[in-house]
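Trainee: For reference, the sequence and a predicted model appear below.
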Amino acid sequence: MSATVTARTSRLGLRATPDQETVLRRAAEIAHKSLTDFILDAAYQAAEQTLLDQRLFMVSGHHYQALLEMLDRPESDNPGLDDLFSRRPVWADA
């Protein structure tokens, strides 16, 4: 059985408080991983979940059908949304 291993060539740096480091090291030990592997695995899982949350909707069958029907409805006027988009965003003045 052979495994393909990709060399780690990118370097990431981070700073942590002593308390954060202590917790991370304890968790890595319990997981039987190096600190680097533990942090990378956790960060990678969080990043994947964040990205999936932006494009994947998990719904039951009847909710899925209701969602499709809602998306297929013709657009309607929304004065509140029109008002919101007509205003200059607060971050534009920063």
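Mentor: Received the coordinates, thanks. Residues are numbered from 1 along each chain as shown.

Trainee: List the buried residues for stretch 64-74?
Mentor: Across stretch 64-74, burial judged by 16 or more other C-beta atoms under 10 Å covers no residue at all. Glycine gets a C-beta too; all of them are placed from N, C-alpha and C.

Trainee: Give me the average confidence score over that stretch.
Mentor: Confidence for stretch 64-74, expressed as mean pLDDT, is 92.

Trainee: ok, then the element right after the longest helix anywhere in the chain?
Mentor: Secondary structure of the chain per DSSP state H: the longest helix is helix 35-53. With elements assigned by DSSP states H and E, the helix or strand that comes after helix 35-53 is helix 61-72.

Trainee: mean confidence for whichever helix or strand comes after that following helix?
Mentor: Using DSSP H and E, the helix or strand that directly follows helix 61-72 along the chain is helix 79-86. Throughout helix 79-86, pLDDT has a mean value of 92.

Trainee: export helix 79-86 as CSV, just CAs?
Mentor: Output of helix 79-86 as CSV, limited to C-alpha atoms (Å, rounded to 0.1, in the frame of the first residue of the first chain):
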residue,chain,number,x,y,z
PRO,A,79,-38.9,48.9,-1.5
GLY,A,80,-36.7,48.2,1.6
LEU,A,81,-34.1,46.5,-0.5
ASP,A,82,-34.2,49.3,-3.1
ASP,A,83,-33.7,51.8,-0.3
LEU,A,84,-30.8,49.9,1.1
PHE,A,85,-29.0,49.6,-2.2
SER,A,86,-29.6,53.3,-3.0
